[in-house]
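> sequence below, structure please.
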Amino acid sequence: MYTVYTLPMVEIGIRELRSDLSNQIKKASRGETLVITIGGVRTAKISPLPSSQSAPNMEDAYQSGRVIRAPRRGEDPPPPPKNKLVLDRPSGEILDELREDRI
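Residues are numbered from 1 along each chain as shown. Just a heads-up that it's a prediction; the model follows:
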């Protein structure tokens, strides 16, 4: 069985936090949790991000459907979008109208 050690929460006043913000953020990145007080009243908390959280990458975007992978040589292209946009007038006319608003 493993013992998990957590760093204690540290209370810090808003004035002290403002004067030493970069060092306090470094403490949080090392695992400390900072509780910010205003007039002695606990109002907010700065805590480290979960270690399992990783930066988003393209593979995540492909799997979520936000990005469609380009077809490789010899593969069929992806299907067209299901909801095709139908305009009641030419797009150039719409753009001209939008540009007129800026003048």
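> ok, which stretches of the protein are helices?
For the chain, the helices defined by DSSP state H cover 14-19, 21-29, 58-64, 91-102.
> which of the ones you listed sits closest to R42?
Nearest to R42 among these is helix 14-19; the distance by CB to CB comes to 11.2 Å. Using the backbone N, CA and C atoms, a C-beta is placed for each residue, glycine as well.
> distance between the closest one and the chain's centre?
With CA atoms, centre = their mean, to the nearest Å as the basis, helix 14-19 stands 26 Å off its chain's centre.
> so what does it touch, helix or strand wise?
Judged by 3 or more CB pairs under 8 Å, 6 or more residues apart in numbering; DSSP states H and E, the packing partners of helix 14-19 are strand 33-38.
> what angle separates the strand it packs on from helix 21-29?
140 degrees (axes from the mean of the first three to the mean of the last three CA atoms, to 10 degrees).
> what sits up against the least confident helix or strand in the chain by mean pLDDT?
None of the helices or strands of the chain scores lower by mean pLDDT, DSSP states H and E than helix 58-64, at a mean of 81. Helix 58-64 is touched from outside by 67-69, with contacts defined as CB atoms under 8 Å, 6 or more residues apart in numbering.
> swap the cut-off to 6 Å and go again
For helix 58-64, the external contacting residues (CB atoms under 6 Å, 6 or more residues apart in numbering) are 67, 69.
> can I get it in CSV, CA atoms only?
Below are the C-alpha coordinates for helix 58-64, written out as CSV (Å, rounded to 0.1, in the frame of the first residue of the first chain):
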residue,chain,number,x,y,z
MET,A,58,-4.1,16.2,-33.3
GLU,A,59,-5.0,12.6,-32.4
ASP,A,60,-7.4,13.8,-29.8
ALA,A,61,-8.9,16.2,-32.4
TYR,A,62,-9.3,13.3,-34.9
GLN,A,63,-11.0,11.1,-32.3
SER,A,64,-13.4,13.7,-31.1
